[in-house]
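Chemist: Provided below are the primary sequence and the corresponding predicted coordinates.
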Amino acid sequence: MKKTLLFSFTLAFLALSSLAQQKETKVEQGKFKPTDESLKQYKYPEWFRDAKFGIWSHWGPQAVPRRGDWYAKNMYVQGSDQNKYHVATYGTPSKFGYKDIIPLWKAEKWNPDQLMALYKKAGAKYFVSMGSHHDNFFLWNSKIHKWNSVNMGPHKDVVGLWQKAAQKEGLRFGVSEHLAASFNWFQASHGADKDGQFAGVPYDGRNPQYADLYHLPADSSNVQEWLTNNAGWHKKWLENVNELIDLYHPDLLYSDSKLPFEDTGRNMLAHFYNQDIAKNKGKLEAVYTPKEPSEGKWAQDVERGVLDSISEFPWQTDTSIGDWYYRTGQRYRSANEIAQLLIDIVSKNGNLLINVVQTPEGDLEPDVVKIVTEIGEWTKLNGEGIYGTRPWKVYGEGPSTIKSNQKKGRFGGLTDTREYLSSDIRYTTKNGNLFAFCLNIPQGEIRLNLLGAKSKYLDHAIASVSLLGSNKKLKWVQEDDALVITKPADYPVWQVTGFKIEFKK
């Protein structure tokens, strides 16, 4: 009984101490106020609209066990695959918890300059570093949180070193924050086994000594929800995210949720925009990508999915080349699959941000290097029809555009993994020219049904048609109902190929 009272007193003291330590978070004053009306003044920067393709490092201590995403939570879920692996490898989480995984993350093979040079060669125009996942471990040089990569693990400012490498290569730099969901997500660490040798023995997350990592026990009834309703935790989130913003002044900020916590989130966003205007001497260059429709306030993000039509507002897909964290034996997407996804997104006014999976040590497996290199070979040939383009009057044609053939994605929109036929076409436009991409290798002639002589979408007659990345002359004819291109004998081996259509003035 005495132990229980002492434990409860300790938790209450920690809760009061935590709230007392939360000073009023600075909000940069300026053009934007923390209201929806004010945030709708936002104008999308041209760099983001032109970039189209970014690479993400979704990486941290959870990669150490080589068991994929959500390890820090699922290791505390008795009976889960990751829990079984953890018990067999490290022992019960009542004794060896996530705090003990963190020191095992050394990142000894991580070379950010070398990787950034590879990503630039792949055609990425911006790079995003993980700031902190739901595990509440910060990859930046935090002054308010001791559980960070400078103080522990690799003893390196991961965000800072990524930023330096990105700037060296001329890439825009972003950070991702997953902290808003952390407070509820990590509550599993406060539990205990329900049966077996350690039944009822608390996991290490219940130890008040580590409350700054695992959080305090939830005091609300919404622990199953993605975002907490605890007002004190809302303030803590704002303090942490604003520190990240103020230390690195990123070009892009990603939240793994909708805009968190209503007015608290609007305060963060107004601060992010205003400090960026101050940094850029009056010009707003910042982009925020949460997971909800934007109404012009930010760039909507769709996880592992794509929108089904051209969006009025620029948006972004976030997905991964494989699992989110390293997992032994995982299958990776091919360069062809990534090219299909990229052009589908770009045709609808979106950008693709793709995670390139790193090993716990920080390097890439040879097959991942090969895929990233191949992406670079494809973008070098086809980039003219990707970068700096805008959507055409119609995003595409073919079986994949028919509603009955489309499958919904898990997080909204359509799934980002689909089968495409050669009759599936996507369109982009730039400088008065039109670009048409076949999403699979045609077996015979290529028919672009929206580009016939009598098409309602064309304002001028076609003057020339060329294959992107090639100087060889194509045979083509504009029939009433289609532009018909004869497939050349030396057609590229890529599944996705682009054609440039120029018009008579």
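Modeler: Sure thing, it's come through.

Chemist: okay, and for the stretch 201-350 of the chain, where does confidence drop off?
Modeler: Where the stretch 201-350 of the chain drops to pLDDT under 70, the residues are 220.

Chemist: the strands in it, which residues?
Modeler: Remark: strands assigned in the stretch 201-350 of the chain by DSSP state E, counting those that start in this stretch are 252-255, 287-289, 300-303, 305-306, 315-320, 350-355.

Chemist: could you dump the ones you listed to CSV with mean neighbour count and distance to residue 429?
Modeler: From N, CA and C alone the C-beta is placed, and that goes for glycine too. Output for these, formatted as CSV (neighbours: other C-beta atoms under 10 Å; distance: least, C-beta to C-beta, whole Å):
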stretch, mean neighbour count, distance to residue 429
strand 252-255, 25, 25
strand 287-289, 25, 22
strand 300-303, 22, 22
strand 305-306, 22, 19
strand 315-320, 24, 18
strand 350-355, 25, 15
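
Chemist: the closest residue to residue 496 other than its chain neighbours: neighbour count?
Modeler: The spatially closest residue to residue 496, leaving aside those adjacent along the chain, is residue 339, at 4.2 Å (C-beta to C-beta, 6 or more residues apart in numbering). If you count neighbours by other C-beta atoms under 10 Å, residue 339 ends up with 23.

Chemist: ok so, going back, which among the strands of the stretch 201-350 of the chain is found nearest to residue 498?
Modeler: Closest approach to residue 498 among the strands of the stretch 201-350 of the chain (C-beta to C-beta): strand 350-355, 15.8 Å.

Chemist: going by neighbour count, which residues in the following helix or strand past the closest one are buried?
Modeler: Next in sequence after strand 350-355, counting helices and strands by DSSP states H and E, comes helix 366-382. Of all the residues in helix 366-382, those buried under the rule 16 or more other C-beta atoms under 10 Å are 368, 371, 372, 374, 375, 376, 378, 379, 381, 382.

Chemist: between strand 350-355 and helix 366-382, find me the angle.
Modeler: 160 degrees (axes from the mean of the first three to the mean of the last three C-alpha atoms, to 10 degrees).

Chemist: any buried residues in stretch 405-425, and which?
Modeler: If you call a residue buried by 16+ other C-beta under 10 Å, then stretch 405-425 has these buried ones: 406, 409, 412, 413, 414, 416, 418, 420, 422, 423, 424, 425.

Chemist: in a markdown table: these, plus secondary structure.
Modeler: What follows is those, written out as a markdown table (DSSP: H, G, I helix; E, B strand; the rest coil):
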| residue | secondary structure |
| --- | --- |
| 406 | coil |
| 409 | coil |
| 412 | coil |
| 413 | coil |
| 414 | strand |
| 416 | coil |
| 418 | coil |
| 420 | coil |
| 422 | coil |
| 423 | coil |
| 424 | coil |
| 425 | strand |
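
Chemist: I'd like these as JSON lines, with distance to residue 49 and pLDDT appended.
Modeler: Output for those, formatted as JSON lines (distance: C-beta to C-beta, whole Å; pLDDT from 0 to 100):
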{"residue": "406", "distance to residue 49": "26", "pLDDT": "69"}
{"residue": "409", "distance to residue 49": "23", "pLDDT": "71"}
{"residue": "412", "distance to residue 49": "22", "pLDDT": "70"}
{"residue": "413", "distance to residue 49": "19", "pLDDT": "71"}
{"residue": "414", "distance to residue 49": "22", "pLDDT": "72"}
{"residue": "416", "distance to residue 49": "21", "pLDDT": "64"}
{"residue": "418", "distance to residue 49": "25", "pLDDT": "79"}
{"residue": "420", "distance to residue 49": "25", "pLDDT": "93"}
{"residue": "422", "distance to residue 49": "29", "pLDDT": "92"}
{"residue": "423", "distance to residue 49": "29", "pLDDT": "95"}
{"residue": "424", "distance to residue 49": "25", "pLDDT": "97"}
{"residue": "425", "distance to residue 49": "22", "pLDDT": "98"}
